[in-house]
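Visitor: got a sequence here, can you build the structure:
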Amino acid sequence: MTERSLLPFLEQPSRIDGDHRASRERLARIEYELSTLKTEKRLLQQSKDAAIGRYEELLAKKNDELLHLQNNFDYLFNQRKDLQSKLLNQKEVASASSSTLNSELKSLATENKALKGKLEKYERQFNSISGKCDHLRADLNRELQSNDQFRDRIKEMKNENHRLTKLNDDILERMKALSGQLESNNSFKNYEDLQLRLVSLQKTNNQLQFRVDSLLQQKTSMELLKQKNASLESKISTLERAEEKAELLQLENLELRTKFDEYFGVISTSVQSNNSESTDDSVLKFVQTFKELQNKNLVLFEKLSKVESNVSRLEETNLRLQDEINQELKPKLENLQNLVIQQENEIKELKKQKVLNSKEIEFLRNSLKSLDSVTAHIQATKISAGTDGSSKETEARRQATNQYLSNLEKLVDDYKKEVETLRRNSTLPQSVITPAKRPRLIDEDDTKTRAAIALRNENLELLAEIRTLNDKLNLVTKKLKLAEKATDSTDHILELRSNPFSKDQAIKQETLNRLQDENRSLIAKYVESGNVESVPRAVFARQENDKDVLQAKIDHLTKRIDRLSSVYAEKSKEIIAVISRYFGYKIEFILSPLNPNEMCSKIKLVSKYTTRKDLGVSPPYLTLDVHNKSLKANGTYEFKAMCEELVNQWVNEKNQIPCFLSALNLKLYNEYFVKLSN
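Guide: Sure, this is the predicted structure:
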């Protein structure tokens, strides 16, 4: 029985060899599949390492940029604090300087008022002296005119005397001839008539000779007066030279000795000496006192001009300091605020980019997980399709693939943990720890494969929806383009050539295109390449476009200003003509001596009845200072006296300047035009 039971085993060795061969082939196939899976795993691991390294480099760069921006922000914040402290210091200095300047201005204003009072007194004295000088000049001109008339009369008398001598000679010759005729013809009556005629002619000749002698005496007296006048003029010139030398030596002394009693004393002594002394000495002393008063007046006027120039200079410095504060510090603060806002916006954008990068990393990790699960599932399906084995083999293969996927997920989790530890410790990444032994097989779990299939189906559905939406978007964009073309064509037909709205839209579109090109070039330059050495061409083109737009605006505004100024000049001329026609005064605004482009507070009033010019002299006029509330008369002595009389009557007593102006016009009309009509 035992032999029979062992015989079949010993008699069938080929069956045992076939089983061993099949198991060996199966083992070889499994080893081959294992090697391919290991190579795929290694490749996937390498791709993961490369992606993670790339993302880590990006994160490091972004962190460096964030640190750099944080440092820049701190620097700008500190600089802003420094500038704020400087601004406060400048404000304090400006306030202190303005207070000192205001005090100086007040003191200078008081001094200016005092000097103006003195100047008005000296002007009154000067006007009175100038009136006397005008009287003397008028007398001198009158004497010169009479002298010229006497010369003309002397010439006429000489000519008449010469003519009479010729007539006398003719008469004598005729008398001789008549005497011969009388002797011959005995005509005594004719001789008596001629004798009487000769006597009358001799009488007229004697009278003419007497007149000629008197005229010659007057001529000699006039020549003596001329010589005396020339000697006086030479004395005056020598005295002027001596006075100039004395003034140069006594300027400092005169500046310290500006007292009013001296002037009144000099005037009183000159008046008393005029009564006692001769005319020559009085004239010389009068000229000397006049020169002294004139020099002292010039010194005071120079002081006044210096004080006014100092005041104007202080005002200019104050205005300049205010303009510098407004022009330099305010734009700097605004620029710093704009920079801070830009830095904050950039930090926000970087934070958003960081969040997006982290989300992208998570998405890539999840996609890697899904890719691993899908590839494992595909390989499992291929293996199940290639081998038509039993259900046990398929279950074992599924378990193996599930085990493989679980191992891959564990590896990814371990890798995540290591990346987090490396980020915390900021050290170099170490090699990923792989399990030394293959874990044992676990039970079947098809939930992950089902989830992967469901996600894949959802992804395909979403892709289909995206394609349909893209098609709809393309259709809508095409319709919009067609509608825009249609509206553009209709607008082109309807709108005018020089339509300002179309010009404005064209300018806006051009600036928008320039800005888009600038943004693209800046993104390409600073984000992609990182080169900051040169400026892109689009930025330059946009700046040139902005310059052209601003230049066009400036040209438009200049044209408008010129047009308004011309209209203003015409209207002001019309207004001045109307005022001159109906109110009797021609108004002229006096330019400022400090700035010729500006008007001062003084107004020149010229009466309509004094526009004529007598002997090359400009017509008299009034100067009204609106700011200082002062009135000054300029012109002849009679005009100034008339103005003083009317000012005392209407302004000092009744404070009525319009009545004063009307009364002045009436007097001028009565004096000038009545004389002309007569």
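Visitor: check which element follows the strand or helix carrying Ile587 along the chain.
Guide: For Ile587, the host element (DSSP states H and E) is strand 585-591. Later in the chain than strand 585-591, the nearest helix or strand by DSSP H and E is strand 599-607.
Visitor: domain ranges for the protein, per the record?
Guide: 446-494, 496-583, 600-677 (automatic domain parsing).
Visitor: same for the helix or strand hosting Asp169, what does it pack against?
Guide: Using DSSP H and E, Asp169 maps to helix 13-185. When contacts are defined as 3 or more C-beta pairs under 8 Å, 6 or more residues apart in numbering; DSSP states H and E, helix 13-185 packs onto helix 188-256, helix 260-276, helix 279-324, helix 330-386, helix 391-425, helix 637-646. Yep, even glycine has a C-beta here, placed from its N, CA and C like the rest.
Visitor: rewinding a little: buried residues, the strand holding Ile587. List them.
Guide: Using 16 or more other C-beta atoms under 10 Å as the test for burial, strand 585-591 gives Tyr585, Lys586.
Visitor: what do you get for stretch 303-322?
Guide: Lys303, Leu304, Val311, Leu314, Asn318, Leu321.
Visitor: quick one: these as TSV, columns for pLDDT and distance to Ala506 too.
Guide: Shown next, in TSV, are the buried residues of stretch 303-322 (pLDDT from 0 to 100; distance: C-beta to C-beta, whole Å):
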residue	pLDDT	distance to Ala506
Lys303	76	65
Leu304	75	61
Val311	72	54
Leu314	73	52
Asn318	70	47
Leu321	71	45
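Visitor: hmm, which two among the residues you listed are most spread apart?
Guide: Greatest spatial distance among the buried residues of stretch 303-322 (C-beta to C-beta): Lys303 and Leu321, at 27.0 Å.
Visitor: Pro620: which of the buried residues of stretch 303-322 is nearest?
Guide: Leu304 (24.0 Å).
Visitor: need phi/psi at Pro596.
Guide: Torsion angles at Pro596 (phi, psi; degrees, to the nearest 10) stand at phi -70, psi -20.
Visitor: for Glu346, see how far away it is.
Guide: Counting by C-beta to C-beta, to the nearest Å, the separation of Pro596 from Glu346 is 52 Å.
Visitor: one step back: least reliable of the helices and strands packed on helix 13-185 going by mean pLDDT?
Guide: Mean pLDDT is lowest for helix 260-276 out of the helices and strands packed on helix 13-185, coming in at a mean of 50.
Visitor: contacting residues for Arg542?
Guide: Applying C-beta atoms under 8 Å, 6 or more residues apart in numbering, we find Arg542 in contact with Thr511, Arg514, Leu515, Asp517, Glu518.
Visitor: give the burial count for the fourth one, as a bare number.
Guide: Spelled out, it's Asp517. 16 (other C-beta atoms under 10 Å).
Visitor: any idea which helix or strand comes after the helix or strand hosting it?
Guide: Asp517 is part of helix 500-522 when elements are defined by DSSP H and E. Sequence-wise, the next helix or strand downstream of helix 500-522 (DSSP H and E) is helix 537-583.
Visitor: and the nearest residue to Leu339 once chain neighbours are set aside, what is it in contact with?
Guide: Among residues not flanking Leu339 along the chain, Leu76 sits closest, at 5.9 Å (C-beta to C-beta, 6 or more residues apart in numbering). Going by C-beta under 8 Å, 6+ apart, Leu76 touches Leu336, Leu339, Val340, Gln343.
Visitor: kindly report the same for Lys608.
Guide: Contacts of Lys608 (C-beta under 8 Å, 6+ apart): Ser580, Gly584, Tyr585, Lys586, Asn665.
Visitor: 10 Å - rerun?
Guide: Ser580, Arg581, Phe583, Gly584, Tyr585, Lys586, Asn665, Leu668, Tyr669 (C-beta atoms under 10 Å, 6 or more residues apart in numbering).
Visitor: hang on, isn't Cys289 packed against Phe126?
Guide: For residue 289 the amino acid is Thr, not Cys. No: applying C-beta atoms under 10 Å as the test, Thr289 and Phe126 come out as separate, 11.7 Å apart.
Visitor: which residues do these two both contact?
Guide: Residues touching both Thr289 and Phe126 (C-beta under 10 Å, 6+ apart): none.
Visitor: what's the local residue count around Asn655?
Guide: Asn655: 9 neighbours (other C-beta under 10 Å).
Visitor: isn't there a helix covering it?
Guide: No: read with DSSP: H, G, I helix; E, B strand; the rest coil, Asn655 is coil and lies in no helix.
Visitor: how about it, phi and psi?
Guide: Torsion angles, degrees, to the nearest 10, at Asn655: phi 60, psi 50.
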